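[1] Here is my input, please return the structure:
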Amino acid sequence: MSLFKPAEVTSAFLKMGFMGFAGSGKTYTASSTAVGLIRHLRELPFDKGSGLPAANKPLFFLDTEKGSDWVARKIKDADVELYTAKTRAFADLLAAVAEAERNASVLLVDSVTHFWVELCATYAKKQKRNRLYFEDWAYLKGEWRKFTDAFVNSHLHIILCGRAGYEYDYFENDAGKKELEKVDIKMKAEAEMGYEPDLLVLMERDTDLRSKQVAHVATVMKDRSTELDGKRFINPGFADFLPHFRLLNLGGRQLGIDTSRTSAHILAAEKKDWNPVQRRIVVDEIQTLLVLHVPGQAAADKKRKAELIRKHFNAAWTEIEEVMPLFDLRAGYDSLHRELEGVPSRYAAAPAADASRDDGIPDFLDRRKTNGPEPSFVDLVGNGR
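    Predicted coordinates:
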């Protein structure tokens, strides 16, 4: 069977993203665009067998910031039915795409940033840690990919809003010293989230200090159709983005990427890579290290071993041996090794990535960006950081 097929346009649904700082007009512009899209679909001469979702279905608003409260009247005045869900749980984000695909004309998510923060915070809390390590990102990015795959491939018009953040890089000044400078703006979520929308817009607030007049400026950062790429609009609305919408294959087949294809058939698993084997290796290393430094069976020796286990693993031996994750086993072994041997073990944590390689780590889990005591997860998720 040939891998390549005759070309066809399989982008049949809008996949759009707005990003911006506070007060930039993301929610207002995104909701106006969603309403405009629904009204536009109502005017198109599609027959019932076209496969186009009924434009008389409601707008679904997945709300993490109470923004739906302030645009609800405008949406209803436009004769569009509005359904809302107010949550920041990543699990709800996945469920929302599936439910909206069945029951909505358009799904508006505001803000996608909170779902990434919640996923990272909940994972760290479940692991009983207040920071994340390099090894954690493979799992978290894999979980996040469940959403991005659904976003790209769903038979649903989806508009995302996300908070903006700066990208940094190091530059060498005239004195030969490295300085950290802002180099770009990106959507604050998983690091590659900005690549997913076909149409990505940066919203900015422009204030005339003399007249005190405020304008919301939209800059098209990416348009795969190239119709709008780089263009700027003052107080934008649906009509400004219409050239992109007109190039969608509305009513056609939607296929962003074929995620059913994998490389599993060319990858051979090796025993040394098996997680259960690696766990047994670390457990054996822990036992060996304890025996080398506390070899006796007297009451004092047993007490010393118990104190070391509690200090470095904060768990009973059965939990260590049976259920503790490999990463935590290695971290505990390294800590124990440093105390007993005076040097790091072979599992010593890799150096933290520098700011130029920020992988979408939420600020509160990134030690490069914080000082002082760690805030609680309840506080962080509650205040939307």
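[2] Which residues in stretch 66-76 does the neighbour count mark as buried?
    Judged by neighbour count (16 or more other CB atoms under 10 Å), stretch 66-76 contains these buried residues: 67, 68, 71, 75. Every C-beta, even on glycine, is put in place using the N, C-alpha and C of the backbone.
[3] Closest one to residue 83 out of the residues you listed, please.
    residue 68 (9.5 Å; CB to CB).
[4] Report the separation between that closest one and residue 154.
    Note on residue 68: its distance to residue 154, by CB to CB, to the nearest Å, is 21 Å.
[5] Residue 118 now?
    21 Å.
[6] Looking at these two, which is more packed in?
    Neighbour comparison, residue 118 and residue 154: the larger count goes to residue 118, with 22 against 18 (by other CB atoms under 10 Å).
[7] give the contact list for the residue lying closest to the more buried one once chain neighbours are set aside.
    If the residues on either side of it in the chain are set aside, residue 118 comes closest to residue 88, at 4.8 Å by CB to CB, 6 or more residues apart in numbering. Residues near residue 88 by CB atoms under 8 Å, 6 or more residues apart in numbering: 64, 114, 115, 117, 118, 381.
[8] Can you classify the residue most central in space within the chain by secondary structure?
    What sits nearest the mean C-alpha location of the chain, by CA atoms, centre = their mean, is residue 190, with 3.4 Å. Under DSSP: H, G, I helix; E, B strand; the rest coil, residue 190 falls in the coil class.
[9] now it: how far from residue 317?
    Where residue 317 is concerned, residue 190 sits at a distance of 37 Å (CB to CB).
[10] Quick check: residue 311 is in a strand.
    No: Residue 311 is assigned helix when assessed by three-state DSSP, not a strand.
[11] buried ones in the helix or strand harbouring residue 95?
    According to DSSP states H and E, residue 95 maps onto helix 90-103. Across helix 90-103, burial judged by 16+ other CB under 10 Å covers 90, 92, 93, 96, 97, 99, 100, 101.
[12] who touches the first one in this structure?
    Contact criterion CB under 8 Å, 6+ apart gives 115, 116, 118, 119, 122, 143, 144, 147 as the residues in contact with residue 90.
[13] which one of those residues is nearest residue 281?
    Using CB to CB, the contacts of residue 90 come closest to residue 281 at residue 143, 26.5 Å.
[14] on that earlier part again, possible to save the buried residues of stretch 66-76 as JSON lines with pLDDT and distance to residue 184?
    As requested, the buried residues of stretch 66-76 are exported to JSON lines (pLDDT from 0 to 100; distance: CB to CB, whole Å):
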{"residue": "67", "pLDDT": "92", "distance to residue 184": "26"}
{"residue": "68", "pLDDT": "93", "distance to residue 184": "30"}
{"residue": "71", "pLDDT": "94", "distance to residue 184": "29"}
{"residue": "75", "pLDDT": "93", "distance to residue 184": "33"}
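[15] what about stretch 203-212, start to end distance?
    Distance between the two ends of stretch 203-212: 19 Å, counting by CA to CA, to the nearest Å.
[16] Which residue ranges make up each domain of the protein?
    Domain segmentation of the chain under automatic domain parsing yields 15-245, 271-341.
[17] Quick one: closest of those domains to residue 255.
    domain 15-245 (6.6 Å).
[18] Endpoints of that closest one, how far apart?
    10 Å.
[19] about what we covered before: buried among the contacts of residue 88? Need that as a selection in PyMOL.
    If you want just the buried ones from these in PyMOL, going by 16+ other CB under 10 Å, the selection is:
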select buried, resi 64+114+115+117+118+381
